[in-house]
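K.L.:
Fold the following and give me the result.
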Amino acid sequence: MKLFSSKGIRFSGDSIKSCVGFIDLVDSTKNTITMEGLDYIRKYYTKFINSTSEVVKSYSGKVIKNIGDCLLFYFPKTTDFKNIETFRETIECAFKILEVRYIVNQELSKEHLPPFNYRITIDYGVLDLALVGDYSQMDLFGTTLNLCSKINSSPSLSIHNEIIIGDNLYRILKSFPTIIKNYNFLNNGEYKISESNRYSTYNIKRKNILEHDETEISNKNFLSEKQPSSSIEDSNKKNNVKRVIVVDDEQDVLFTYKVFLETDYDVSSFADPVFALNYIRNVSNFNNLLIILDVRMKNLNGFQLYQQIKAIDPTIKVLFITALDILDEFSTIIPGISKDQIIRKPVDKKLFTNTVKKLLN
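P.N.:
Down below sits the predicted model:
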């Protein structure tokens, strides 16, 4: 094997076909710039690297390096593209990272550190191998890695706390009937490689799995104890519980609303509107349910989320919370919404609880 040496890098000329992925820590610069002292910054990044790399390793993946606030990893066993278990393991590794994030965010909150949000992108293709440093460490290069990196950093393609895969990996996964049976693949748009060449990406989700309430996750190992939506719905029907779903991308606001309501209602809260939408899609009975939406949110704003909710069931009751001074224009923006379904931020507790009670009655 002939090696070419240049400034501490030796390109071997060898390559493999394998799954490669990136985990990017969203808004890390904005979060750390306000931290007082290097100890907090070190603790923040150490928690990110350790918590994610441990999961990758537990699923037979190998971490190649961290690039600032981004982790590069790959799955050596996926060189056997006919082995379904290796690809299932790759997918479940990404889901596990998102699940562990909830617990890690609780730990960060106790230390007064901002929560983690990730961009996760995985694809399959040719990876060129090289040795770096003292030639004892491996590194990856090549078109597949570059493309995966660009998709991960694309604001229009890579969604926070979702799993995005490239078309090459999608084509392999859809060849396995069991994978198709257990996962949904949603077209996520195309990356423009050149004027005439575009590359499809997909958002992957488990089928028939209900997302967890982001504010109710404890340090218990609930990750393997997810209940199907049917069992939760049966319980709610039986007890005729009045339910409230709150969607706001500010965790402290979610906590406040929950404190206001949890005495009288079964409250589920989501900081990510996409997770909230997936949850709502699994609800089979919309009686005694109110959905409270913030207007300004990332990924999906309140108006966009409202339209998708109404497409699921037009009878769903909705209450908007907004800091925008557009109360008089609301009925024009969203026909069918009355002033009784809009509350201005910051909310008054009495007005808030009375409005919820009125809408649910």
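K.L.:
show me what contacts residue 27?
P.N.:
Contacts for residue 27 (Cβ atoms under 8 Å, 6 or more residues apart in numbering) come out as 114, 117. C-beta: built from backbone N, CA, C; applies to glycine.
K.L.:
ok, 10 Å please
P.N.:
By Cβ atoms under 10 Å, 6 or more residues apart in numbering, the residues touching residue 27 are 69, 114, 115, 116, 117, 160.
K.L.:
Got the phi and psi for it?
P.N.:
When read as degrees, to the nearest 10, the backbone of residue 27 gives phi 60, psi 30.
K.L.:
so how far is residue 311 from it?
P.N.:
To residue 311, residue 27 is 30 Å away according to Cβ to Cβ, to the nearest Å.
K.L.:
Looking at the contacts of residue 27, which one is closest to residue 127?
P.N.:
residue 69 (22.2 Å; Cβ to Cβ).
K.L.:
Can you tell me how far the closest one is from residue 344?
P.N.:
Per Cβ to Cβ, residue 69 is found 36 Å from residue 344.
K.L.:
quick one, which of those two is more surrounded?
P.N.:
In this view residue 69 and residue 344 are compared by other Cβ atoms under 10 Å, and residue 69 has more residues nearby, 18 against 15.
K.L.:
shouldn't that one be in contact with residue 117?
P.N.:
No: Residue 69 is not in contact with residue 117 according to Cβ atoms under 10 Å; the separation is 11.1 Å.
K.L.:
Please enumerate the shared neighbours of those two.
P.N.:
Shared contacts of residue 69 and residue 117, defined by Cβ under 10 Å, 6+ apart, comprise 24, 25, 26, 27, 28, 31.
K.L.:
Okay, and residue 190 sits in which element?
P.N.:
strand 183-192 (DSSP states H and E).
K.L.:
can you map out the helices along the stretch 101-250 of the chain?
P.N.:
With DSSP state H, counting those that start in this stretch as the criterion, the stretch 101-250 of the chain has helices at 143-153, 167-173, 177-182, 229-239.
K.L.:
Can you show me the CA trace of the shortest one as PDB?
P.N.:
As requested, the backbone C-alpha atoms of helix 177-182 are provided in PDB (Å, rounded to 0.1, in the frame of the first residue of the first chain):
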ATOM      1  CA  PRO A 177     -39.000  -4.800   4.100                       C
ATOM      2  CA  THR A 178     -38.600  -4.800   7.900                       C
ATOM      3  CA  ILE A 179     -37.100  -1.300   7.800                       C
ATOM      4  CA  ILE A 180     -40.000  -0.100   5.600                       C
ATOM      5  CA  LYS A 181     -42.500  -1.700   8.000                       C
ATOM      6  CA  ASN A 182     -41.000   0.000  11.100                       C
END
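K.L.:
Now do the buried residues in that helix.
P.N.:
Neighbour-count burial for helix 177-182, counted by 16 or more other Cβ atoms under 10 Å, picks out residue 179.
K.L.:
Show me what counts as buried in stretch 182-192.
P.N.:
In stretch 182-192, counting by 16+ other Cβ under 10 Å, buried: 183, 188, 189, 191.
K.L.:
List the contacts of it.
P.N.:
Contact partners of stretch 182-192, identified using Cβ under 10 Å, 6+ apart, comprise 88, 91, 95, 147-148, 150-151, 154, 156-159, 162-167, 170, 173-174, 176, 179, 197-209, 278.
K.L.:
Which of those are buried? Put it as a PyMOL command.
P.N.:
Those of the contacts of stretch 182-192 that count as buried under 16+ other Cβ under 10 Å are selected in PyMOL with:
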select buried, resi 88+91+95+147+148+150+151+154+157+158+159+162+163+164+165+166+167+170+173+176+179+199+201+202+203+204+205+206+209+278
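K.L.:
Pretty sure residue 17 sits against residue 75.
P.N.:
No: assessed by Cβ under 10 Å, residue 17 is found out of contact with residue 75, at 11.2 Å.
K.L.:
Note down every partner strand of the strand holding residue 190 and its orientation.
P.N.:
Using DSSP bridges, strand 183-192 pairs in its sheet with strand 198-206 (antiparallel).
K.L.:
what residue ranges in the stretch 101-250 of the chain score low on pLDDT?
P.N.:
131-138, 208-240 (pLDDT under 70).
K.L.:
Highest neighbour count among the contacts of residue 27?
P.N.:
Highest neighbour count within these, by other Cβ under 10 Å: residue 116, with 24 neighbours.
K.L.:
Spit out the contact partners of that residue.
P.N.:
Residue 116 makes contact with 23, 25-28, 31, 44, 47-48, 51-52, 97, 100-102, 104-105, 108, 161 under the criterion Cβ under 10 Å, 6+ apart.
K.L.:
now residue 120
P.N.:
Residue 120 touches 21-24, 52, 71, 93-95, 97-98, 152, 158-165, 204, counting by Cβ under 10 Å, 6+ apart.
K.L.:
do the same with residue 48
P.N.:
Going by Cβ under 10 Å, 6+ apart, the list of residues near residue 48 reads 23, 25, 28, 66, 69, 70, 71, 101, 104, 108, 116, 118.
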